[in-house]
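Participant: build me a model:
(one chain, ligands or ions: 1)
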Amino acid sequence: MNSHILSQNRGASEGPRWLWGQAARFRRWQLVSLLILLLAQPLWAELLASPIRFEKTTDGVRESLVLRNTSSVPVTLRLNAELLNTTSSHSLPRLYVIPALGTVQGPTFEPDDSRSAWRYQTDYLFQFGDYRLAGCETPFFLPWNPGESYQCIQGFHGSFSHHGGEAYAADFDLQEGTPVLAARDGLVVSIVEHFTEAGTTQDFFDKANVVMVAHDDGSLSRYLHIQPGSAKVTLGQRVQRGEILALSGNTGMSAGPHLHFEVAKPGSNLVTTTMPFLLLYEGMAEQPQVGKTYKAPVE
Ligand SMILES: [Zn+2]
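Facilitator: As a prediction, this is how the structure comes out:
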């Protein structure tokens, strides 16, 4: 009972010296890339804009890149470059994790033969979060109002829809219109709320409304199937645990109203992939158990 939003993001940065012939070739390449991107990721505009900035320094011959992350959560960046008569000090493509509001040293480019024209053109994909995470040790709070109880109706590796990159997810039987709360503090990085339909076939797999929150440890949490137009937060907003994100609903690949909650990270291909997580319940941290009813404590 879930859906999946591809969450790759991209950007480009041009090198210093450009010849028209090369530029035309790359423009065509970029256009094709953009079309593929649009076809594969119709929801890309519902992601927070790129927080990546490249800062160039030069010693008169070589150029070095510093990679800056302007967001308040870690970001994984996949950098690539087309090189002509140029050597990169880092083998590319390469993955970098840039800390919140921080920088990492990127590659230095230098000409193979400084008597000839040389150029490079970088492009990148990014995703909020840290692809190196093996799991998430900090438990998550139950994402509904204190005093309310809901049953876990599908858990990790659930046979209906918790497979592959979506294996580590839990479904709870929230009725439509129930407030969904942030399970941890974080930054809202994706909101999709325009889908209105639901069904049990694969046709509905990528038609779930979703709010995604990025956390300070590089993990991501996602709340799926929310009601159309029900988001109570905006892209780029910092939320506190317990703050209302949206109303639960029944959109996308779903057999009935429920909340799908998952914890994810970027894969090495930057597509998000889920990982095991713990819920805080009655003072204990445990993986969600199918059939168990979870009551959020009144604090
Ligand atoms: Zn699910």
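
Participant: now residue 258, nearest residue through space, not along the chain?
Facilitator: If the residues on either side of it in the chain are set aside, residue 258 comes closest to residue 171, at 4.9 Å by CB to CB, 6 or more residues apart in numbering. For glycine as for every other residue, the C-beta is placed from the backbone atoms N, C-alpha and C.

Participant: part of a strand, is the one you found?
Facilitator: Yes: for residue 171, which was evaluated using DSSP: H, G, I helix; E, B strand; the rest coil, the result is membership in a strand.

Participant: contacting residues for it?
Facilitator: 1, 2, 152, 153, 154, 155, 158, 258, 259, 260, 261 (CB atoms under 8 Å, 6 or more residues apart in numbering).

Participant: what's across from it in the sheet?
Facilitator: Under the criterion DSSP bridges, residue 171 forms beta bridges with residue 154, residue 260.

Participant: how about the residues of the stretch 101-250 of the chain near the ion?
Facilitator: Within the stretch 101-250 of the chain, the positions adjacent to the ion are 169, 171 by CB under 5 Å from the ion.

Participant: about what we covered before: and the residue nearest to residue 258, how far from residue 125?
Facilitator: Taking CB to CB, to the nearest Å as the measure, residue 171 and residue 125 are separated by 30 Å.

Participant: tell me the contacts of residue 250?
Facilitator: If a contact means CB under 8 Å, 6+ apart, then residue 250 has 176, 198, 225, 227, 256, 257, 258 as its contacts.

Participant: for those residues, which one is nearest residue 139?
Facilitator: residue 258 (21.3 Å; CB to CB).

Participant: elements contacting the helix or strand encompassing residue 180?
Facilitator: When secondary structure is defined by DSSP states H and E, residue 180 falls within strand 179-181. Counting by 3 or more CB pairs under 8 Å, 6 or more residues apart in numbering; DSSP states H and E, the packing neighbours recorded for strand 179-181 are strand 244-247.

Participant: look up phi and psi at residue 266.
Facilitator: Summarising the backbone geometry of residue 266 under the convention degrees, to the nearest 10, its torsions are phi -70, psi 140.
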